[in-house]
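Below are the sequence and a predicted model for it; my questions follow.
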There are 2 protein chains.
Amino acid sequence: MCFGLANQGYAEDGYDLWLRYRPLESVAKARYEPQIAGIVAPGDSPTIRAAVDELQRGYRGMFGGDLTQQGAELRDGAVLVVRAGSPLVQGLDLPFAKLGGEGYLLRSATVQGKRVTIIAGNRDIGALYGVFRFLKLLQAGQPIDKLDIADAPKLQVRVLNHWDNLDRHVERGYAGQSIWDWQKLPRFKDPRYTDYARANASIGINGTVLTNVNANADILRPDYLQKVKALADAFRPYGIKVYLTARFSAPIELGGLATADPLDPAVRAWWKAKIDEIYAVIPDFGGLLVKANSEGQPGPADYHRTHAEGANMLADALAPHRGILMWRAFVYAAENAEDRHKQAYTEFQPLDGRFRDNVLVQVKNGAIDFQPREPFHPLFGAMPRTPLMMEFQITKEYLGFATHLAYLGTMWEEVLEADTFRPARGTTVAKVIETPVDAGAATGMAGVANIGSDRNWSGSQFDQANWYAFGRFAWDPDAKAEAIARDWARMTWGGDPVVTDTVVRMMMGSREAVVDYMTPLGLTHQMATGHHYGPGPWVADLKRPEWNPVYYAQARPDGIGFDRTARGSDALSQYAPQVARNWGSLATVPDELLLWFHHLPWDHRMKSGRTLWDELVVRYDAGVDQVRRMQADWAGLRGKVDETRWAEVRDFLAIQLDEAIWWRDASVAYFQSIAKRPLPEGHKPPAHDLDHYKAITTPYAPGQGK
Amino acid sequence: MCFGLANQGYAEDGYDLWLRYRPLESVAKARYEPQIAGIVAPGDSPTIRAAVDELQRGYRGMFGGDLTQQGAELRDGAVLVVRAGSPLVQGLDLPFAKLGGEGYLLRSATVQGKRVTIIAGNRDIGALYGVFRFLKLLQAGQPIDKLDIADAPKLQVRVLNHWDNLDRHVERGYAGQSIWDWQKLPRFKDPRYTDYARANASIGINGTVLTNVNANADILRPDYLQKVKALADAFRPYGIKVYLTARFSAPIELGGLATADPLDPAVRAWWKAKIDEIYAVIPDFGGLLVKANSEGQPGPADYHRTHAEGANMLADALAPHRGILMWRAFVYAAENAEDRHKQAYTEFQPLDGRFRDNVLVQVKNGAIDFQPREPFHPLFGAMPRTPLMMEFQITKEYLGFATHLAYLGTMWEEVLEADTFRPARGTTVAKVIETPVDAGAATGMAGVANIGSDRNWSGSQFDQANWYAFGRFAWDPDAKAEAIARDWARMTWGGDPVVTDTVVRMMMGSREAVVDYMTPLGLTHQMATGHHYGPGPWVADLKRPEWNPVYYAQARPDGIGFDRTARGSDALSQYAPQVARNWGSLATVPDELLLWFHHLPWDHRMKSGRTLWDELVVRYDAGVDQVRRMQADWAGLRGKVDETRWAEVRDFLAIQLDEAIWWRDASVAYFQSIAKRPLPEGHKPPAHDLDHYKAITTPYAPGQGK
């Protein structure tokens, strides 16, 4: 049997993600073995079975063979997988009270006179989460003989948003097709659905929105609900609920009504019946996510109703089933001349307190659109009576698709650590989303998934880290990006500390590299139109001003940057006064946000002593140089990791370098045509003239909206 | 290492295709081992390296460990991988002369006093093909001690046609996306490209058309040619040439010319320059495939030129590079009222002898469009001075997509064995395509690929058999479907004779089941519109008459069937008189083609004694019953094959049964609404009324044309 499998050169293809469970070194194995001598897992719920299966899978991989399942009489080295209330853990004074519904504890203890390890939660799902934590310790070579860990998620709703269409096209997807094979559902449940659930449960994700926010009402058809049910059944043992997107005009399209006005009784009745129907099929259905009155989607404004009126109608229908309604705050209205940065705040902030208890308003990390760097969204802290959930984008729409190595953990950490000063200093964005607005109010975080049918799930080996990091931040918004990177690197690339250190170093510098070669110094949205692949800073001919890169850079002979001070759009006024002062002053605004908030002359003197123009060029080149450093780092790992994944990353870094140079050259050529200044000493001119870059077309770039 | 891999439950997912190389039973191993003691492979061409790699891969899988590579001094049990002319095989009087450029021989012999096995060809590719044959013998448990095999392909051009678009959508693809990842090419060469080449080489396929016949001129852009070159480089060691589709209007779209008239000197110059450019990038480029003036594609008729004038222009530009031009005969002209069955013959037959030597006219097996059953295309035998190549469709556009088990080997065998009687009895379709029209004229067979990014390549385990069978028929059009099925079953499902017999039995009856539950008794093209998923016999509202299922069935109160006798469209007159007489007479036409050629009253008395109406219902039910038999057969194999693939096939058979019943019920409901006759005794009425079936919509069915 071994030979047959050893034959398969494709085994290290990334499919296993961070749950690789490769054989331990013999020293580690010998050390652990007395401490892992068997499993005791009373009860037979699907979730406990999943926990035992995972423990067995991990054991087989790391140790070989199966763990024996033991009965009631304990032996030394038993691993107990139990719930609070189990007679086995009575009298141990375990801290179940602080675990909540999903937390877990790992505890080394003596039970019946035997040395055992307890993995426990108040509910089965906690025990499953605990098993994953336990396996992580083993993968990382941590001691397990004096365990005393208790952990619980800080947010309640930890969901992926799949922008997946019913024809399996994934909007902003760079990892193949949707993994939901609607054509073969419900009869065929791809074993991959279970592996998807395992991976998510291993990082604490407890929900998944299956469908695109640019929604299609057909997902609510009875035949599709049967398909959704099949997925829900596959995910349920892993504590993952399914959610769907609701197209606001579904009562017209599916129901044949003349209106979708949220105050119309027939519309309300239609939604109530439809939601009752969903719950009849899927009793633990999670709820709905809605994108309304944004980028052409229908919504309550079509009937002169507010977002709150639209959201509350759906929330009322969901409430009897304890369903959640997530309503996106990503709006910018057609024909609205206001700075796009300001529009969501303008529209939503006055609605504070007007949403039902089971509504979560889902706010992107920044006010524009998942750019490589944005200041935190001004709504965070500004709606104290409304549950706000964070929306991050895991898929790299604006950060180089699947082939650019860009670890997003640092970006998310930056936002979560940002101080809103609302109501006072120290109220970070993390605190805002962690703190329920009142007792029992929901909290949450959403991540736009980067998952697809590609064998490696995420389109690249390193993009798996972003899925992993999202789960970790959703569990704990105060987590540290570097620690997460280290955990991921160890589990994904093996235990060699040289490998781990190198991988972590590459990851930690990677996002800043992308910022530098795409949009340095606070520039933003300079990507080509539609697919957002490659540079398009010259694009000025799109219908709406805020679709054009030139709108964002405001590059003119007099200078560059978007004035959002009181002299300009005054978007700064949407932030707390301390924040506005800090970013509004040239003395205190960080270089990283300079051109986001200020329009400055090309010769403006930077903190570095360089002119703005020179600094801009220096940053573009710094981004390219950082990619070269990653290449050199990676070259040094040849032979230390498996050749298949190594070669893939090498090739992807080569693509990244090509494209970083393309970005740098095209941007420098374009801005130089306006700044009309020479390049600083030692910086090479672009390889081609501006017309060359303008002429490049890539009509088949993946992930386009349809 | 073993434990880590044994951990992976997904190992048996079908990725290995028929090249599984699983460990042999110890008896077989012991018997073979003295006969396989080492490799001797002088020379170091990429193809010889590929042959040695494959032998090693097979050995590692079946025996464990590596074969030693031996030097010039032979030992007993050496396996020699050599070319004609090698000093090692001098004086053995081996039959190299009859092998041609691609044939091979396997011979047990004594060389230097040692018992060795010789695997040899005139060229390296022959040796590679021989290695695959040798490995097949081992996989099937055949003796290898007295080998005396010589084999050579009967056709020269053995190509897959990928209907793959540049955005990775595959027209009529049911196996995920295109495996060509254009976005990451040329930098990233997915290791899968090599596995694709291995699989094709193992069955003798020597070319691949990468792009859709509904062509996009952009594939001829310089940046895309670099991507094509990367694929050509990956395939070259395996003897596989790349071909592209040429959009006839490319001189306008890419070249900026005002016309694509094939007689225009600027157009001819543009194509010559473009083709020279291709060959500068890919010196062994195979050639071009064109679909012209068919279903909206541009072509020479747009300029009042003939197909021959269009084809010859491209052939002239390809000739200096020894490139081939494949020109499809699948045409049916807009606004042409002639029976669609007749149009290709009408248009092409008069052009016999007018095409250049390096043109192959590519003719579908039947005159309509890859239906579950069609009589052979009347052009076979009717163009004796023109090289005709066969076009089969491997992907199951009209036979149930990926989830219906339908082995196409029997369908292809039926066509290839059909007697054209041109010029005389015994001239089968196989003979027509095998026999060069003059010395050095090309011969070939094309198969529309069923390959995609799905892990199992073909969308289902059993659809791999159709890829396999296509290769075998392209190598030898006189091959037998059952023998091919047996080879495939043994290699794919293991050596248990019960498994092999059951799998072969399922396969051999499978296509007739589809014919029966979709289009029995010579009915055709009753599929729903566009995607062709599910039944649509009632569809009558499409713009062109021959797009409508009602056009093909001609079901009216007076009877059913398409009259193609002299009283009707007289399509029969396009066949040899013996064929026309046979099919034109109710006494001799087989039931299987009855309604293809005849319009008959509902009460027409069949050979069975039943009325036509009763017989129709009986056939629909026979198709459904056959699916139930396959389910029962498959249920009996549980535990005899791996659980993962077993469960997938079980679930797919459940889908097939659902859909067979859907087809039967919808068709019976519709035809009964016209025939107005009761169902025969013992046959159940449809589960729903006709309106129910008419109301079913499946807008997201995969593989649609775009």
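Cool, got the structure.

so where's the stretch 251-400 of chain A uncertain?
Filtered on pLDDT under 70, the stretch 251-400 of chain A yields the residue ranges A:334.

all strands for the stretch 401-550 of chain A, in order.
A:444-448 (DSSP state E, counting those that start in this stretch).

Can you pull out the low-pLDDT segments for it?
By pLDDT under 70, the stretch 401-550 of chain A has no low-scoring segment.

what about the residue of the stretch 301-450 of chain A found nearest chain B, distance to A:Thr524?
Residue nearest to chain B within the stretch 301-450 of chain A (CB to the nearest CB): A:Thr403, separated by 6.2 Å. To be clear about C-beta, it is placed using only N, CA and C from the backbone, and glycine gets the same treatment. Using CB to CB, to the nearest Å, A:Thr403 is found at 21 Å from A:Thr524.

now the end-to-end length of stretch A:344-356.
By CA to CA, to the nearest Å, the extent of stretch A:344-356 from end to end equals 19 Å.

name the helices or strands packed onto the longest helix seen in chain A?
Scanning chain A for the helix with the most residues, using DSSP state H, yields helix A:643-675. Helix A:643-675 is packed against helix A:497-518, helix A:612-635, helix A:690-695, with contacts defined by 3 or more CB pairs under 8 Å, 6 or more residues apart in numbering or on different chains; DSSP states H and E.

most tightly surrounded among the ones you listed?
Comparing the helices and strands packed on helix A:643-675 by mean neighbour count (mean count of other CB atoms under 10 Å in any protein chain shown), helix A:497-518 comes out on top with a mean of 21.

and that one, what does it pack onto?
helix A:409-417, helix A:481-493, helix A:612-635, helix A:643-675.

Nearest to B:Asn200, out of these?
helix A:643-675 (21.4 Å; CB to CB).

can you give me how far the closest one is from the chain middle?
In terms of CA atoms, centre = their mean, to the nearest Å, the centre of helix A:643-675 is set 24 Å apart from its chain centre.

how about it: buried residues?
Applying a neighbour-count criterion of 16 or more other CB atoms under 10 Å in any protein chain shown, one finds A:645-646, A:648-653, A:655-657, A:659-672, A:674-675 buried in helix A:643-675.

Do I have it right that A:Pro535 meets A:Trp662?
Yes: at 6.8 Å, A:Pro535 counts as touching A:Trp662 under the criterion of CB atoms under 8 Å.

hey, what's in contact with both of the two?
Listed as contacting both A:Pro535 and A:Trp662 by CB atoms under 8 Å, 6 or more residues apart in numbering or on different chains are A:Tyr693.

For the helices and strands packed on helix A:497-518, give me CSV that also has distance to A:Glu33.
Shown next, in CSV, are these (distance: least, CB to CB, whole Å):
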stretch, distance to A:Glu33
helix A:409-417, 34
helix A:481-493, 21
helix A:612-635, 35
helix A:643-675, 29
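
quick one: average pLDDT of the strand or helix carrying A:Leu594?
Using DSSP states H and E, A:Leu594 sits in helix A:594-597. Mean pLDDT, computed over helix A:594-597, is 98.

who touches that helix?
A:374-375, A:521-524, A:553, A:560-565, A:571-572, A:583-584, A:589, A:600.

So which of the residues you listed are in helices?
A:553, A:583-584.

hmm, back to that, now do the longest helix of chain A against helix A:481-493, angle only.
In terms of direction (axes from the mean of the first three to the mean of the last three CA atoms, to 10 degrees), helix A:643-675 departs from helix A:481-493 by 140 degrees.

Contacts only, for the closest residue to A:Ala441 other than its chain neighbours.
Counting by CB to CB, 6 or more residues apart in numbering or on different chains, A:Ala441 lies nearest to A:Pro387, which is 5.0 Å off, once chain neighbours are set aside. A:Pro387 makes contacts with A:355, A:359-361, A:436-437, A:441-444, as judged by CB under 8 Å, 6+ apart.

mind running it again at 10 Å?
By CB atoms under 10 Å, 6 or more residues apart in numbering or on different chains, A:Pro387 lies in contact with A:156-157, A:324, A:326, A:355-362, A:433, A:435-438, A:441-444.
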